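K.L.:
heads up, no residue letters with this:
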């Protein structure tokens, strides 16, 4: 007998959709209640690839719950079921457009939705490893170059890889801190062990104990089975606290207890579990400065920051820019002849200040490759002049407006590059889908992005 594939079912209440019972013959349904507060503990099996978002009635007012649930569950493809076609420009229409690959209206045709789910499952199984590999290559490129600052940083990373002491990686946003953490892990004696990353900005204070230490069956309501925490999952490998500066003082205290004692106790349990994992932390803010402001514990800093490496800003390694640009263009054009940069375009890149560092640089090159109609990318294709680079910065433009222009340009460019798939656009920008959705609303780009979207999405079946 063929084992059923897991299918996440996200609905506002107990589903009464007839197609649900029919799908149970082919799928192992995993239920989540859309009306409940979202939790980081809402994990799905690693084998899960697709999910169904059932919307029996349209909400009377906008709510962030659907977006938060979809982001937390982290599936690649969602199929929506709605009572009728959503009105253009409404919250539900935006939700389906931004997060779902397909939608069906009631009554649902079982054969058709089952075929769509199977198609999306197959696509996710094939594409997920390829996309992850491409993402890793792009991130890894942030550490490449022949300039003295990046060579010194790489040399220090190699030396730190030989130890098992905690390492603190500092640097501005977009300098490649997550890539540096993976570099240390992959070059260490723990390379064959797990690499577990915790996004500290997405770790609610109320869930810190359960998320880090795990919990036992019956520890709290809905704890139907025991679950290991992130520290236990990283045993024998490396645990990365990404953005440690985002943690509140009480969260820092929980981490400090483990660092001092070397063991954990699951929530609701009384057994001490020894943990042996390498700790790496990253921060875009100075921890000593946060200590002075009373926002970071000095004892936690001394435990985590005994070995520290700072990644250089891109503006301090300008000689690497031409080589990095050619590498990015080659990577973005697999199997075809890559486009090249004109001398003026290279000059524009080298003289830009790059406040967003390598992440901004990557987006700029992707935009230039997309907008150029020839094999040679000109300076005008990069959009740096319109952002006010170099001597062309207007004396009337504020820093806030400068950043807003850059954000708008990066958002629209990433959407085109991702073929109007919001999940892929979020991966290009290295942000969450919820953050991308909020930025589109912030800069009032929702209607503009919908007008840019083609009417037919290749490879996706749409049922209205």
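P.N.:
Happy to help now that I have it. Remember, predicted model here, so these are calculated numbers, not experimental data. Residues are numbered from 1 along each chain as shown.

K.L.:
CA only for contacts and neighbour counts going forward, please
P.N.:
Fine.

K.L.:
Isn't residue 371 up against residue 381?
P.N.:
Yes: at 5.9 Å, residue 371 counts as touching residue 381 under the criterion of Cα atoms under 8 Å.

K.L.:
pLDDT on the helix or strand harbouring residue 438, on average?
P.N.:
Using DSSP states H and E, the element containing residue 438 is helix 433-442. Confidence for helix 433-442, expressed as mean pLDDT, is 79.

K.L.:
And that helix, what's buried?
P.N.:
Judged by neighbour count using 16 or more other Cα atoms under 10 Å, the buried positions of helix 433-442 are 433, 434, 436, 437, 439, 440.

K.L.:
for it, packing partners?
P.N.:
helix 65-73, helix 422-429 (3 or more Cα pairs under 8 Å, 6 or more residues apart in numbering; DSSP states H and E).

K.L.:
How far does it sit from its chain's centre?
P.N.:
Helix 433-442 sits 13 Å away from the centroid of its parent chain (Cα atoms, centre = their mean, to the nearest Å).

K.L.:
Then stretch 421-434?
P.N.:
7 Å.

K.L.:
how about the helices of the stretch 301-450 of the chain, start to end?
P.N.:
Along the stretch 301-450 of the chain, the stretches classed as helices by DSSP state H, counting those that start in this stretch are 321-331, 343-351, 357-371, 379-382, 399-417, 422-429, 433-442, 446-452.

K.L.:
Can you give the contact residues for the fourth one?
P.N.:
If I follow you right, that is helix 379-382. For helix 379-382, the external contacting residues (Cα atoms under 8 Å, 6 or more residues apart in numbering) are 342, 344-346, 348, 364-365, 367-369, 371-372, 385.

K.L.:
Distance check, residue 85 against residue 356.
P.N.:
According to Cα to Cα, to the nearest Å, residue 85 and residue 356 sit 40 Å apart.

K.L.:
And residue 291, by the same measure?
P.N.:
25 Å.

K.L.:
Who has more neighbours out of the two?
P.N.:
residue 356 (20 against 14; other Cα atoms under 10 Å).

K.L.:
Now for the closest residue to the more buried one other than its chain neighbours: which residues touch it?
P.N.:
Counting by Cα to Cα, 6 or more residues apart in numbering, the nearest residue to residue 356 once its immediate chain neighbours are dropped is residue 174, at 5.8 Å. By Cα under 8 Å, 6+ apart, the residues touching residue 174 are 356, 357, 358, 359, 360.

K.L.:
And residue 174, its phi and psi?
P.N.:
phi 90, psi 10 (degrees, to the nearest 10).

K.L.:
Report the separation between it and residue 348.
P.N.:
Distance from residue 174 to residue 348, by Cα to Cα: 20 Å.

K.L.:
Residue 404 too?
P.N.:
From residue 404 to residue 348 the distance is 20 Å (Cα to Cα).

K.L.:
who has more neighbours, those two?
P.N.:
Per other Cα under 10 Å, whichever of residue 404 and residue 348 has more neighbours is residue 348, with 19 against 15.

K.L.:
you'd agree that one is up against residue 384?
P.N.:
Yes: counting by Cα under 8 Å, residue 384 is a contact partner of residue 348 at 7.2 Å.

K.L.:
Domains in this structure, by residue range?
P.N.:
5-129, 148-311, 317-452 (automatic domain parsing).

K.L.:
And the pLDDT at residue 237?
P.N.:
Residue 237 is given a pLDDT of 91.

K.L.:
check contacts around residue 98.
P.N.:
421, 422, 423, 437.

K.L.:
what about it, distance to residue 77?
P.N.:
11 Å.

K.L.:
and what of residue 87?
P.N.:
22 Å.

K.L.:
Give me the more crowded residue out of these two.
P.N.:
The neighbour count for residue 87 versus residue 77, taken as other Cα under 10 Å, is higher for residue 77 (20 against 10).

K.L.:
For that one, name its beta-bridge partners.
P.N.:
residue 50 (DSSP bridges).

K.L.:
which residues does it contact?
P.N.:
49, 50, 51, 99, 100, 101, 120, 124.

K.L.:
from these, which is closest to residue 285?
P.N.:
residue 99 (31.9 Å; Cα to Cα).

K.L.:
and that closest one, how many neighbours?
P.N.:
25.

K.L.:
One more: residue 211?
P.N.:
23.

K.L.:
Confirm it sits in a helix?
P.N.:
Yes: secondary structure assignment (DSSP: H, G, I helix; E, B strand; the rest coil) places residue 211 inside a helix.

K.L.:
Tell me how far it lies from residue 425.
P.N.:
For residue 211, the distance to residue 425 - Cα to Cα - is 28 Å.

K.L.:
how about the nearest residue to residue 344, chain neighbours excluded?
P.N.:
Closest to residue 344 by Cα to Cα, 6+ apart is residue 379, at 5.7 Å.

K.L.:
where does the stretch 251-400 of the chain dip in pLDDT?
P.N.:
For the stretch 251-400 of the chain, the stretches flagged by pLDDT under 70 are 333-335, 385-400.

K.L.:
can you give me the strands in it?
P.N.:
Counting by DSSP state E, counting those that start in this stretch, the segments of the stretch 251-400 of the chain that form strands are 263-264, 273-274, 278-283, 307-310, 340-341, 376-377.

K.L.:
most neighbours per residue, which of these?
P.N.:
strand 278-283 (a mean of 24; mean count of other Cα atoms under 10 Å).

K.L.:
ok, residue 49 - contacts?
P.N.:
6, 7, 75, 76, 77, 121, 124, 125.

K.L.:
Any chance of a ChimeraX selection covering the buried ones in those residues?
P.N.:
Remark: buried members of those, expressed as a ChimeraX selection using 16+ other Cα under 10 Å:
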select :6,7,75,76,77,121,124
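
K.L.:
mind giving me CSV with the contacts of residue 49 and columns for distance to residue 237?
P.N.:
Listed next are those as CSV, based on distance: Cα to Cα, whole Å:
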residue, distance to residue 237
6, 28
7, 30
75, 25
76, 26
77, 30
121, 30
124, 27
125, 26
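
K.L.:
So which of the contacts of residue 49 sit within helices?
P.N.:
121, 124, 125 (DSSP state H).

K.L.:
From residue 114, how far out is the last one?
P.N.:
Applying Cα to Cα, the value for residue 125 to residue 114 is 17 Å.

K.L.:
just residue 441 next, same as before
P.N.:
33 Å.

K.L.:
Point out where the stretch 51-200 of the chain drops to low pLDDT.
P.N.:
For the stretch 51-200 of the chain, the ranges with pLDDT under 70 are 56-65, 67-68, 71-72, 74, 89, 126-138.

K.L.:
one more time with 50, if that's ok
P.N.:
60, 62, 129-135 (pLDDT under 50).

K.L.:
Which parts of it are strands?
P.N.:
Under DSSP E, counting those that start in this stretch, the stretch 51-200 of the chain gives strands at 77-82, 102-105, 167-170, 195-199.

K.L.:
strand partners of the second one, parallel vs antiparallel please.
P.N.:
Think strand 102-105. strand 77-82 (parallel).
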